[in-house]
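> sharing a sequence plus its predicted fold:
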Amino acid sequence: MNKVSRLLMTCLLAAASCAASASAASPYRVPVHFAYTNDAGMGYNWFVVGSHPDVGGWDPLRAAPLAWHEGNVWSADIGIQAGTELEYKFIKRPINAAEYPDGNNTEWMEGDDLSLTVPAEPDAPGKRVVFLCDWPEPVELWYSMLDTEDPESTNGWNVTTMKKTGDARYELDGVGEAGQWMRFTFRQPDNDWWYHFRPSDDEETDFWCPLDAFCVRDGQVFDYEPVPTAEGWVSGSQIISTNVYSTAEGIDGREIRIYLPRGYNENTNRFYPVVYFSDGQNVFQPGGPFGCWNAETAADREIRAGHMREAILVAVPCRETPVPVPGATADTGRLWEYLPSTDTLMTTDLQGLGANYADFLIHNVKPTLDYNFRTLSDRENTAHIGSSAGGLLSLYLGTAFGDVFGLVAPMSGVYNEEYIPKFRQWCLEHPDAVAKPKRVWLDTGTEETNIDGLNLYESNWDALTLLLYAGHAPNRSLHFGVYSGWQGEHNEPAWADRLDKVFDFLLPVTDEVNPLRRPEIQLDGLKMDFQLYGGATYEVKRAESLLGQDQAQPVWSTPAAVDRPWTNASYTVDEPGFYWIEGQ
């Protein structure tokens, strides 16, 4: 073995995980095109349902909807987990609010089940677990792999002993199945101590999360190793307020409230995605006159659980002054402010102020956040969430202003023909704009059939069709949810109840570059083959000697971030030296 090979082997053995690997289906969702030609009839839709949870797990209520095209062709792209052997059928169901919640109202296509194989992604090593706790040895990890994100979908429990790697530090590599949700907890068998997840200071339960590399500390999950504090625990979230001046025509300045996630003050090297809310008076406790979304509680819980990325939340209250017409109520000012500028406010000739409001967010509110806080300011890390007229605003921001807002959640939005005829037509004529958001959460409730005379439930099916026409794929860039009972009502408690799932979809923790996941590397002569995790950027660096690492130069780097969970890459050494890989 020559000198270069020896140095490479020494370095690579130190960098690579030494645990046995476990292969699993990748969490990557492959867009699969489904199409079925059949007349559904008025008030009915065709769906696809099948053996995998991505198409309902044979449950008609969770089947994936298809969109009508000319010739009675019903089709859509649906994200299906890579490597899936799928059996499926097309089904017809009524979509009116009264019948939709009943799964028995289903007509199944005739004949045998259809089948397909979704292309597989590269296998990946098992999970890496870091546990920071001052328990004495031995410490056990108890875990169960899950079929879905539901913690009750366990597949039996496994027990393995963790390795002590430092003071109050235990580690385990290659455990479980990469890409899958895992339910877990820790035990000190000699004393029968159990260590659980703490959703809040007075709750305890098992952990469950999708991360392939994570650190557990203070009853919480992290996708990095948190900075130690003098108190010995991670600081909690905080909410502060500030006034923002407006330079946008017709839009008043106002006080906004800002949520900063756990550890913001001590983790000074971290930058955060930002979520902007309309109707900010209802977002944080104590809420407004119609209730509270309790967004800070939902974010705390989902961040602690390792489901959602740490994020900054910004609550922007609505306009307080009415429209300038006789007898107008304060709420008309809110509707005017959130209305797309393509349309006029009903019963008036006032052009919507949506573009002006976007101007206020983009050129006043957003710069205030980007200047004063550690934000990730690009479109893929900028989200907007709204409900009702604020939901319409959210979809408008994600389409007409999609260069800024790449993540949107229009909840119970207003898309009726009589309310926004021109914006609906604009969406049909500009599918590229409708396709722009990286993710769209769209939802409605069966109790929203008469909201101030408008059937919002039906109009949300229209919005779904526009998004499917533009190429959005459920399970990838689109989530569509229908809620019933009290959860399907048009009010703050209903929206608050599903906000945790909105956070998890728009800002999944697996989106983030994970410094705890180390590249798995193999050496074949002078060729380095390695598997890169997520969309991280990696560099191969070269130094003249072991002592010259400070003067090392990059000789190869990965392409820009990709949406695959794992990527295979290689580099062939062409001159002597000391080589290693760094990721960020």
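Received, thanks. Numbering: from 1, shown residues only.
> can you give me every residue that contacts Val325?
By Cβ atoms under 8 Å, 6 or more residues apart in numbering, the contact set of Val325 is 332, 348, 350. For glycine as for every other residue, the C-beta is placed from the backbone atoms N, C-alpha and C.
> these in helices, which ones?
Of those, the ones assigned to helices by DSSP state H are Thr332.
> and the helices in the stretch 351-500 of the chain?
Counting by DSSP state H, counting those that start in this stretch, the stretch 351-500 of the chain has helices at residues 354-360, 366-372, 389-400, 421-429, 431-434, 456-469, 492-506.
> give me the low-pLDDT residue ranges for the protein?
Across the chain, the ranges flagged by pLDDT under 70 are 1-25, 518-525, 533-536, 559-563, 583-584.
> the same query, at a cut-off of 50, please.
Residue ranges of the chain with pLDDT under 50: 1-23.
> domain map for it?
Dividing the chain into domains by automatic domain parsing, as the record does, gives the ranges 3-16+518-583, 29-117, 127-222, 238-510.
> please work out which of these is packed deepest.
domain 238-510 (a mean of 20; mean count of other Cβ atoms under 10 Å).
> and that one, how far from the chain's centre?
15 Å (Cα atoms, centre = their mean, to the nearest Å).
> endpoint to endpoint, that domain covers what distance?
Using Cα to Cα, to the nearest Å, the end-to-end distance of domain 238-510 comes to 24 Å.
> please apply the same query to stretch 479-496.
In stretch 479-496, first residue to last residue: 17 Å (Cα to Cα).
> next up, the contacts around the residue nearest to Asp378 when sequence neighbours are not counted.
Sequence neighbours aside, Gly406 is the residue nearest to Asp378 in space, at 7.7 Å (criterion: Cβ to Cβ, 6 or more residues apart in numbering). Gly406 makes contacts with 378-383, 398, 436-439, as judged by Cβ under 8 Å, 6+ apart.
> before we move on, the earlier item: same list (the domains of the chain) but as JSON lines, adding distance to Gly232.
Shown next, in JSON lines, are those (distance: least, Cβ to Cβ, whole Å):
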{"stretch": "domain 3-16+518-583", "distance to Gly232": "27"}
{"stretch": "domain 29-117", "distance to Gly232": "40"}
{"stretch": "domain 127-222", "distance to Gly232": "8"}
{"stretch": "domain 238-510", "distance to Gly232": "12"}
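> just to revisit the earlier point, which one of the helices of the stretch 351-500 of the chain lies closest to Thr148?
Ranking the helices of the stretch 351-500 of the chain by proximity to Thr148 (Cβ to Cβ) places helix 492-506 first, at 12.9 Å.
> coming back round to it: now render the contacts of Gly406 as JSON lines, adding distance to Asp39.
JSON lines is the format used below for these (distance: Cβ to Cβ, whole Å):
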{"residue": "Asp378", "distance to Asp39": "45"}
{"residue": "Arg379", "distance to Asp39": "40"}
{"residue": "Glu380", "distance to Asp39": "40"}
{"residue": "Asn381", "distance to Asp39": "44"}
{"residue": "Thr382", "distance to Asp39": "42"}
{"residue": "Ala383", "distance to Asp39": "39"}
{"residue": "Gly398", "distance to Asp39": "33"}
{"residue": "Lys436", "distance to Asp39": "33"}
{"residue": "Pro437", "distance to Asp39": "32"}
{"residue": "Lys438", "distance to Asp39": "35"}
{"residue": "Arg439", "distance to Asp39": "33"}
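> show me which of those residues is closest to Arg542.
The nearest member of the contacts of Gly406 to Arg542, counting by Cβ to Cβ, is Asp378 at 30.9 Å.
> quick check: the closest one vs Lys366, distance?
As judged by Cβ to Cβ, to the nearest Å, Asp378 and Lys366 stand 11 Å apart.
> next one: Gly390
17 Å.
> go on, Gly111?
Going from Gly111 to Lys366 by Cβ to Cβ gives 54 Å.
> doesn't Thr160 fall inside a strand?
Yes: under DSSP: H, G, I helix; E, B strand; the rest coil, Thr160 sits within a strand.
> list the contacts for it?
140-141, 143, 172, 175.
> now swap in Ala97 and tell me
Ala97 sits next to 446-449, 457 when contact means Cβ under 8 Å, 6+ apart.
> make it 7 Å
Neighbouring residues of Ala97 by Cβ atoms under 7 Å, 6 or more residues apart in numbering: 446, 449, 457.
> quick check: closest non-adjacent residue to it.
Thr446 (4.0 Å).
> need the contacts of Val325 in a markdown table with distance to Trp580, can you?
Converted to a markdown table, the contacts of Val325 look like this (distance: Cβ to Cβ, whole Å):
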| residue | distance to Trp580 |
| --- | --- |
| Thr332 | 63 |
| Thr348 | 66 |
| Leu350 | 63 |
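> ok, back up a step: which of the contacts of Gly406 lies closest to Phe47?
For those, the nearest to Phe47 is Arg439 (21.4 Å; Cβ to Cβ).
> that closest one against Leu407, yeah?
Yes: Arg439 lies in contact with Leu407 (Cβ atoms under 7 Å); the separation is 5.1 Å.
> overlap in contacts of these two?
Leu506.
> secondary structure for the contacts of Thr160 - can I get that in a markdown table?
Shown next, in a markdown table, are the contacts of Thr160 (three-state DSSP):
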| residue | secondary structure |
| --- | --- |
| Glu140 | strand |
| Leu141 | strand |
| Tyr143 | strand |
| Leu172 | strand |
| Val175 | strand |
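> tilt between the helix or strand that contains Ser75 and helix 456-469?
Element membership for Ser75, per DSSP states H and E: strand 73-81. Going by axes from the mean of the first three to the mean of the last three Cα atoms, to 10 degrees, strand 73-81 is angled at 80 degrees with respect to helix 456-469.
> strand 73-81: how far from the chain's middle?
Remark: strand 73-81 is offset 20 Å from the chain centroid, using Cα atoms, centre = their mean.
> the helix or strand following that strand packs against which elements?
Sequence order places strand 85-94 as the next helix or strand after strand 73-81, per DSSP H and E. For strand 85-94, the elements it packs on are strand 44-50, strand 107-108, strand 114-117, judged by 3 or more Cβ pairs under 7 Å, 6 or more residues apart in numbering; DSSP states H and E.
> out of the contacts of Ala97, who's nearest Ala496?
Closest to Ala496, out of all of these and judged by Cβ to Cβ, is Thr446, at 18.0 Å.
> distance of that closest one relative to Arg498?
Relative to Arg498, Thr446 is positioned 14 Å away (Cβ to Cβ).
> what of Thr117?
Taking Cβ to Cβ, one finds Thr117 at 33 Å from Arg498.
> could you do Thr161 as well?
Thr161 sits 40 Å away from Arg498 when distances are taken as Cβ to Cβ.
> now Glu203
Glu203 sits 20 Å away from Arg498, taking Cβ to Cβ as the criterion.
> Val513 should be in a strand, yeah?
No: under three-state DSSP, Val513 falls outside any strand and is assigned coil.
> ok, how many other residues are close to it?
Neighbour count of Val513, defined by other Cβ atoms under 10 Å: 15.
> quick one: stretch 541-557 to chain centroid distance?
37 Å.
> and if you look at stretch 49-59?
Counting by Cα atoms, centre = their mean, stretch 49-59 comes out at 21 Å from the chain centroid.
> same check on stretch 167-184?
Put simply, stretch 167-184 sits 22 Å off its chain's centre (Cα atoms, centre = their mean).
> in CSV: the helices of the stretch 351-500 of the chain, plus distance to Phe186.
Formatted as CSV, the helices of the stretch 351-500 of the chain follow (distance: least, Cβ to Cβ, whole Å):
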stretch, distance to Phe186
helix 354-360, 47
helix 366-372, 37
helix 389-400, 40
helix 421-429, 50
helix 431-434, 46
helix 456-469, 42
helix 492-506, 24
